[in-house]
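[1] Please work out how this folds:
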Amino acid sequence: MSANKRPNILIRIWLGFWRGLTAFRMAVFNVIFLIVVVWLLSVMLSSSDDVVIRDKTTLVVAPQGVIVEEFTGSPAERAFRQAFGKTQEETRLRDVLTALNSAADDERIVQVLIKTDGLLGLAPGMQTELASAFEAFRKSGKTVIAYGGNMLQAQYMLASMADEIWLERSGMLLLEGYGSFRQYFAEGLDKLKVDVNLFRVGHYKSAMEPFIRDDMSDEDREATRTWLGDLWQAWLDQVAMHRGMPVEVLAGLTESYSSAIEAADGDFGAMALEHGLVDKLVTRQQLRTELARRGAPAQKKHFRQIGFESYARLQRHWKPGTDRVGVIVASGAITEGDQPSGYIGSESMERLIQQAVRDERVKAVVLRIDSGGGSAFASELIRNELATLRDAGKPLVVSMGNVAASGGYWIAMGADEVWAYPTTLTGSIGIFGFVPTFQDTLSAIGVHADGVGTTPLSGNLRLDRKLGPEAADLLQSTIEHGYDEFISLVAEHREMSWNEVDQVAQGRVWSGAQARRHGLVDQLGTLGDAIDSAARAAGLGDDYEIGYIERELGAIERFFVDAAVASIKLAGVDLPAGISAWLPGDAGRKLQASLRFVFDAAETGQPAVMAHCLCEAPL
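    The predicted model follows:
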């Protein structure tokens, strides 16, 4: 055989495949090796940069984005966003509270600086919680100073909790009051020829009105004006108390704010100083100099400081064997299945509840709710699962946050005790269902649906056909049954008659203070008050810890996330922008949230039975 004769085709194919497989295998192992090396370097670098707190340190509370009960998304998703260099859009309430509670007794912390510039929103419930925490901190005798460049209503509320408010000399302070405005889509959906078939019970159940109207109904206007007025009065009362001025003076100023600015020749700072809204007008350089004088200087003409998140992380430690009050956070829309943080999934919530049942150290549980509701079916699954806590002999106390309405109230009502803020949006006891159909939309482009079925319901729930009368009757009957079940459960848990509940139900939203008067909640107070009550119910006395029950990344998950994050940082990859990047303000978020129910129903092709109020606490 000739020495230069080529192998046959099968051998050449096999050799080519083997070489390709070998190259691929080497590439994979090289990538894994690189990830491991980068991860080890990141661990070594992070471990060599331990936080050390020195004497005369200033604790800096500079919340970013909106203050929330828990972060949205999984730990891995948040880590990747940070790796891509995206600005943090949320600040967790518990981190601020932990930092303030610990700093009060820490001799190394001499003062607190509140920086308001990164804050985007502060709902009324959070205002109450933070005001209580700052009030407790000030009892230590340490000073709280607030500084901001441009303060809107949320930033000013946070700043008012300080002993002194310093506004940037060229800054702005604008107070415009609370409002509740929504987008209405009836005309737009009509132009798109979308047929929204809505079924509801309750005169005030307005959650789906934007899809059948172009303006607010009289019932919704009446109910909204009632709770919104309560929340605005609470804002005025809190700020006036913090600033030591008569509430009538502050209310009068907000009513004539434009005139006050005009009288100051458009100078916001001068107007704010004249009317006692702020204590000083300063530059950033003056701020740094004064804080260094009151505390201790640092390099580059700065003051010695530590951020509240870093400081809070240092405070998290557990004493082995100590009894605990477990806190489960239920924040976001209620839906079925397994959901990440920022949503309430029936299966993911079930795991957390069972974790609390099995943990012998957890003697009582506080369910912290911040939700306008969602799926009625998922809400009932969660309520039933919560009953297992009580069956296990562990007291269950609910603490309502900014919103605990509709489905959020459904999962709350079975607790041993229900706490709310005076400003919590709650109630909205009602049910609605809807089926969007698109037969006219498709007809406009020449697409039609036709066929035969074996029963009157056959094909009645197709999204490409008009909803039939049998299906409409079936859905209306289902909604009425759901409302009756909701009312009956509330009556049973709250020890009220069916008629008594029905009178305060009808889908109407109440403030926490109004809900207490109507018997829907037991007490008004903070999360800390609810935790203390749970501890008393469990007979724990003063020797207990507070432990949040949540899913954390496992060791292997954390390894790969850290490694991937470090690789992303080295590569300098950027995250593509979404719709929120080009729509003005939060218009994209609001639009997507409003239309989500229609899109979700269209995607599943199933009728949606919802216990949801679509109510948002004003920020």
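
[2] use CA for all of it now, contacts and neighbours both
    Noted.

[3] show me where pLDDT drops low in the stretch 251-400 of the chain?
    Under the criterion of pLDDT under 70, the regions of the stretch 251-400 of the chain flagged as low confidence span 300, 316-321.

[4] just the helices in it please.
    In the stretch 251-400 of the chain, the helices defined using DSSP state H, counting those that start in this stretch lie at 257-263, 268-274, 284-294, 308-314, 346-358, 376-391.

[5] buried set for the last one?
    Using 16 or more other Cα atoms under 10 Å as the test for burial, helix 376-391 gives Ala376, Phe377, Ala378, Ser379, Glu380, Leu381, Ile382, Arg383, Glu385, Leu386, Leu389, Arg390.

[6] same check, this time on the first one
    Buried positions in helix 257-263, judged by neighbour count with 16+ other Cα under 10 Å: Tyr257, Ala260, Ile261.

[7] cool, and the third one?
    With burial defined by 16+ other Cα under 10 Å, the residues of helix 284-294 counted as buried are Leu287, Arg288, Thr289, Leu291, Ala292.

[8] same deal with the fifth one?
    Neighbour counts over helix 346-358 (16+ other Cα under 10 Å) mark Ser346, Glu347, Ser348, Met349, Glu350, Arg351, Leu352, Ile353, Gln355, Ala356, Val357 as buried.

[9] Quickly name whichever of those is closest to Phe24.
    Distance from Phe24 was checked for each of those by Cα to Cα. The minimum falls on Ser348, at 38.0 Å.

[10] The spatially closest residue to Leu277 that is not a sequence neighbour and Asp279: what is the separation?
    In space, and not counting its chain neighbours, Leu277 is closest to Arg243: 7.4 Å by Cα to Cα, 6 or more residues apart in numbering. Remark: distance between Arg243 and Asp279 (Cα to Cα, to the nearest Å) = 10 Å.

[11] repeat for Ala535
    With distances taken as Cα to Cα, Ala535 is found 41 Å from Asp279.

[12] Settle it for me: which of these two has more neighbours?
    Between Ala535 and Asp279, counted using other Cα atoms under 10 Å, the more crowded position is Ala535 (27 against 17).

[13] got the contact list for the helix or strand the more buried one falls within?
    For Ala535, the element it lies in under DSSP states H and E is helix 527-537. By Cα atoms under 8 Å, 6 or more residues apart in numbering, the list of residues contacting helix 527-537 from outside reads 129, 325, 363-366, 368, 395-399, 419, 541, 544.

[14] circling back: mind putting the buried residues of helix 284-294 in TSV, distance to Gln523 included?
    Conversion of the buried residues of helix 284-294 to TSV gives the following (distance: Cα to Cα, whole Å):
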residue	distance to Gln523
Leu287	41
Arg288	43
Thr289	45
Leu291	40
Ala292	43
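
[15] of those, closest to Trp510?
    Distance from Trp510 was checked for each of the buried residues of helix 284-294 by Cα to Cα. The minimum falls on Leu287, at 42.4 Å.

[16] if we can go back for a sec, show me how far the helix holding Ala535 is from its chain's centre.
    Centroid displacement of helix 527-537 relative to its chain, using Cα atoms, centre = their mean, to the nearest Å, is 22 Å.

[17] Kindly export it (C-alpha atoms) in PDB.
    Output in PDB follows, covering the C-alpha atoms of helix 527-537 (Å, rounded to 0.1, in the frame of the first residue of the first chain):
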ATOM      1  CA  LEU A 527     -43.200  44.800  62.500                       C
ATOM      2  CA  GLY A 528     -41.300  44.900  65.800                       C
ATOM      3  CA  ASP A 529     -44.600  45.200  67.600                       C
ATOM      4  CA  ALA A 530     -45.900  42.100  65.800                       C
ATOM      5  CA  ILE A 531     -42.700  40.200  66.600                       C
ATOM      6  CA  ASP A 532     -43.000  41.100  70.300                       C
ATOM      7  CA  SER A 533     -46.600  40.000  70.300                       C
ATOM      8  CA  ALA A 534     -45.700  36.600  68.700                       C
ATOM      9  CA  ALA A 535     -42.900  36.100  71.300                       C
ATOM     10  CA  ARG A 536     -45.300  36.800  74.100                       C
ATOM     11  CA  ALA A 537     -47.800  34.300  72.600                       C
END
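
[18] Okay, the residue nearest to Leu381 when sequence neighbours are not counted and Trp227: tell me how far apart.
    The spatially closest residue to Leu381, leaving aside those adjacent along the chain, is Ser346, at 6.4 Å (Cα to Cα, 6+ apart). Here the criterion is Cα to Cα. By it, Ser346 lies 30 Å from Trp227.

[19] Likewise for Val110?
    Val110 sits 40 Å away from Trp227, taking Cα to Cα as the criterion.

[20] Check Thr254 too.
    For Thr254, the distance to Trp227 under the criterion Cα to Cα works out to 19 Å.

[21] Comparing these two, which shows the higher neighbour count?
    It is Trp227, of Thr254 and Trp227, that has more neighbours when counted by other Cα under 10 Å, with 22 against 17.

[22] element containing that one?
    With elements delineated by DSSP H and E, Trp227 resides in helix 218-243, which encompasses its position.

[23] what mean pLDDT does that helix have?
    The pLDDT scores in helix 218-243 average 93.

[24] you'd agree Asn197 is up against Leu461?
    No. Contact criterion Cα atoms under 8 Å: Asn197 and Leu461 do not qualify, at 10.8 Å.

[25] coming back round to it: relative to Leu189, which of the helices of the stretch 251-400 of the chain is closest?
    helix 376-391 (25.6 Å).

[26] Distance of the residue nearest to Leu381 relative to Val365?
    From Ser346 across to Val365, the span is 18 Å (Cα to Cα).

[27] Check Ala103 too.
    In this view, Ala103 and Val365 are 26 Å apart by Cα to Cα.

[28] Any stretches of this protein with poor pLDDT?
    1-12, 14-15, 17, 25, 27-51, 74-88, 300, 316-321, 552-612, 614-615.

[29] Nearest residue to the middle of it?
    Taking Cα atoms, centre = their mean as the criterion, Val68 is the residue nearest the geometric centre of the chain, at 4.4 Å.

[30] Identify the residues contacting the spatially closest residue to that residue that is not a sequence neighbour.
    If the residues on either side of it in the chain are set aside, Val68 comes closest to Arg92, at 5.2 Å by Cα to Cα, 6+ apart. Residues in contact with Arg92, defined by Cα under 8 Å, 6+ apart, are Ile67, Val68, Glu69, Glu70, Phe71.
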